[in-house]
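**Q** Sequence first, then the predicted structure:
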Amino acid sequence: VEFCITDDVHHFDSRVDEIAARGVVQLVACAHFLNMPFLQEKAQALVNHLLKSHKFLACIIYDEASIYGEPTESVKVEALAVTRKDPEESLSSRPHGLRSEVL
């Protein structure tokens with residue numbers, strides 16, 4: 001509804017948690033299903049921002065994207081690339097240097 005009125009998705013602004021990460025992936029799949037390419041593009045941009053800025057969410061994003069198949073394939077591939085490029089950060093359950101001693 002927010003997107004239909006404002007052409008934006010502020011619901012996820014400044015949210016950096018598992019629920020938000022899964023929600024953005026679900027939004028990508030939903031926008032694809034509803035044939036709303038502009039919304040899908042916005043949701044994809046949100047996913048890309050999370051993957052770039054908060055790599056510890058990569059596994060969560062990959063997990064959620066795996067559920068929806070083709071509509072979220074690019075999300076899944078990008079999350080996997082982040083995990084391969086920076087495994088320590090992306091496999092951590094905590095953000096930026098707040099890791100426990102052993103993964």
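**A** Thanks, I have the structure now. This one's a predicted model, so the numbers in the text were calculated from it and none came from an experiment.

**Q** going forward, measure contacts and count neighbours with C-alpha atoms only.
**A** Noted.

**Q** so where is the protein shaky, pLDDT-wise?
**A** 1-14, 93-103 (pLDDT under 70).

**Q** And the next helix or strand past the helix or strand containing Gln40?
**A** Gln40 is located in helix 37-53, with elements delineated by DSSP states H and E. Note on helix 37-53: by DSSP H and E, the next helix or strand toward the C-terminus is helix 58-68.

**Q** Just the CA atoms of the following helix or strand past that following helix, as CSV, please.
**A** Sequence-wise, the next helix or strand downstream of helix 58-68 (DSSP H and E) is helix 73-85. Below are the C-alpha coordinates for helix 73-85, written out as CSV (Å, rounded to 0.1, in the frame of the first residue of the first chain):
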residue,chain,number,x,y,z
GLU,A,73,17.5,-16.1,-8.1
SER,A,74,19.5,-12.9,-8.6
VAL,A,75,19.2,-12.2,-4.9
LYS,A,76,20.4,-15.7,-4.0
VAL,A,77,23.3,-15.4,-6.4
GLU,A,78,24.4,-12.1,-5.0
ALA,A,79,24.1,-13.3,-1.4
LEU,A,80,26.2,-16.3,-2.2
ALA,A,81,28.8,-14.0,-3.8
VAL,A,82,29.0,-11.9,-0.7
THR,A,83,29.4,-15.0,1.5
ARG,A,84,32.2,-16.3,-0.7
LYS,A,85,34.0,-12.9,-0.9
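
**Q** buried residues in helix 73-85?
**A** By neighbour count on 16 or more other CA atoms under 10 Å, the buried set for helix 73-85 is 73, 75-76, 78-80, 82-83.

**Q** circling back to that earlier point, contacts for the helix holding Gln40?
**A** For helix 37-53, contacts defined as CA atoms under 8 Å, 6 or more residues apart in numbering pick out 3, 7-9, 16, 21, 24-25, 27-29, 31-32, 57-58, 61, 75, 78-79, 82.
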